[in-house]
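J.: quick one, fold the following:
(one chain, ligands or ions: 1)
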Amino acid sequence: MHFLRLARFQSVSEEPPHEPQCRMYHDNMSSGGAPLPERAPFYAEQAGECRLFAHAFHQRLPVLLKGPTGCGKTRFVEHMAARLGRPLITVSCHGDLTAADLMGRHLIDGGDTVWHDGPLARAVRTGAICCLDEVALARRDTAVVLHPLADDRRVLPVEGTGELLRAPPQFMLVVSYSPGDQSLLNNLKPGTRQRFVAIGFDYPAPEVERRIVEAESGAVPALAARLVTLAQALRRLTGQDLAEAASTRLLVRAARLIVAGLPQPEACRAAIVDALTDDAGTAAALDDVVVAVLGTGAP
Ligand code: ADP
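T.: Below is the predicted model of the structure:
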């Protein structure tokens with residue numbers, strides 16, 4: 001089988017959204033009509049976003065998730081897809097991603113030319129939740145296919161087959177972006193943004209973040225608490241010495257290394273400090289913050 005055009009589907013994941021660390025999430029919140037299945041990936045809610053997402057799903061409204069990287073947007077969609085009982089198709093957008101990459105293309109198969117749906121067309125056809133990660137990175141021509149799908153028409157014109165796909169009620173379009181970079185923000189035109197219900201994310205409140213670090217790494221509560229205090233200290237440096245803030249993702253990774261037996265300063269250097277800066281002076285200053293908050297001892 002030969003691609004007629006260079007395929008760019010490597011970044012598409014259609015695996016069921018269950019990771020090894022998936023566990024049941026017990027809570028007593030109102031679920032907004034979305035039950036908690038046994039295998040939903042763990043997600044600690046921040047501020048009513050589960051209910052909002054469930055309502056948007058049932059009202060057939062597309063959703064825009066915005067917030068800094070590593071604060072739980074991807075995990076949230078995985079969790080909600082499992083709760084709503086829908087398959088999840090995720091596309092990691094990049095600078096070369098075109099509308100054709102989303103829609104599909106003709107491929108040569110045993111001498112015949114056969115149409116292959118792209119991830120977006122497949123999601124519409126099968127009634128899946130389609131999540132375009134970092135949508136602002138995608139080429140601007142993708143807006144042409146997203147617009148009729150994201151407004152009340154809920155249709156996808158597939159040029160390659162001449163079809164006009166009508167999205168079934170179970171289909172949902174989700175896009176996410178990290179609004180730190182203004183040039184990327186401008187990439188998402190108002191005409192696109194205003195078609196979506198927006199859900200804003202930020203780093204979780206300390207007690208929620210402690211719970212996440214514990215659940216995701218197996219860290220004891222005292223270690224999780226110290227790492228969250230470290231993150232808060234590092235976040236205060238954002239904008240001055242650091243371009244990016246220490247995310248929950250980085251905390252979880254440091255905690256895993258420590259739980260695995262690595263000394264705390266070494267784990268934090270590898271998982272947090274070196275992920276935040278390449279500058280030796282800044283890294284040394286961050287190491288000092290690590291030692292001031294965590295000490296130098298083993299776990
Ligand atoms: P984003 O998509 O915003 O970049 P992710 O969803 O990939 O971030 O989150 C990174 C990691 O942080 C997750 O794999 C998970 O371990 C952890 N995490 C962050 N927020 C949460 C949350 N609210 N509940 C559970 N895990 C979370």
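
J.: from the ligand, how far off is residue 141?
T.: 25 Å (C-beta to the nearest ligand atom, to the nearest Å). For glycine as for every other residue, the C-beta is placed from the backbone atoms N, C-alpha and C.

J.: just checking, that residue touches residue 98?
T.: Yes: using C-beta atoms under 8 Å, residue 141 and residue 98 qualify as a contacting pair, with a distance of 6.0 Å.

J.: between these two, which is the more surrounded one?
T.: residue 98 (16 against 12; other C-beta atoms under 10 Å).

J.: dump the residue contacts of the closest residue in space to the more buried one that isn't next to it in sequence.
T.: Of all residues not flanking residue 98 in the chain, residue 139 sits nearest, at 5.1 Å (C-beta to C-beta, 6 or more residues apart in numbering). Shown in contact with residue 139 (C-beta atoms under 8 Å, 6 or more residues apart in numbering): 95-99.

J.: which of those are buried?
T.: 97-99 (16 or more other C-beta atoms under 10 Å).

J.: from those, pick the one nearest residue 84.
T.: Using C-beta to C-beta, residue 97 is the member of these that lies nearest residue 84, at 25.8 Å.

J.: quick one: that closest one and residue 91 touch, right?
T.: Yes: Residue 97 is in contact with residue 91 according to C-beta under 8 Å; the separation is 7.5 Å.

J.: would you map the strands across this protein?
T.: In the chain, the segments counted as strands under DSSP state E are 2-3, 12-13, 63-66, 88-92, 104-109, 112-117, 129-133, 155-158, 163-166, 172-177, 197-200.

J.: for those, give me TSV that also has distance to residue 44, mean neighbour count and mean pLDDT.
T.: Formatted as TSV, those follow (distance: least, C-beta to C-beta, whole Å; neighbours: other C-beta atoms under 10 Å; pLDDT from 0 to 100):
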stretch	distance to residue 44	mean neighbour count	mean pLDDT
strand 2-3	41	10	36
strand 12-13	22	16	41
strand 63-66	16	22	95
strand 88-92	19	22	95
strand 104-109	37	16	91
strand 112-117	35	13	93
strand 129-133	19	25	95
strand 155-158	34	18	94
strand 163-166	36	14	95
strand 172-177	18	26	94
strand 197-200	15	15	95
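
J.: count the neighbours of the closest residue to the ligand within the chain for me.
T.: Of all residues in the chain, residue 72 sits closest to the ligand, at 2.6 Å by C-beta to the nearest ligand atom. The tally of other residues near residue 72 (other C-beta under 10 Å) stands at 26.

J.: again with residue 255
T.: 28.

J.: likewise the one 10 residues further on?
T.: One way to gauge burial is a neighbour count; for residue 265, by other C-beta under 10 Å, it gives 18.

J.: any weak-confidence spans in the chain?
T.: 1-38, 180-188, 297-299 (pLDDT under 70).
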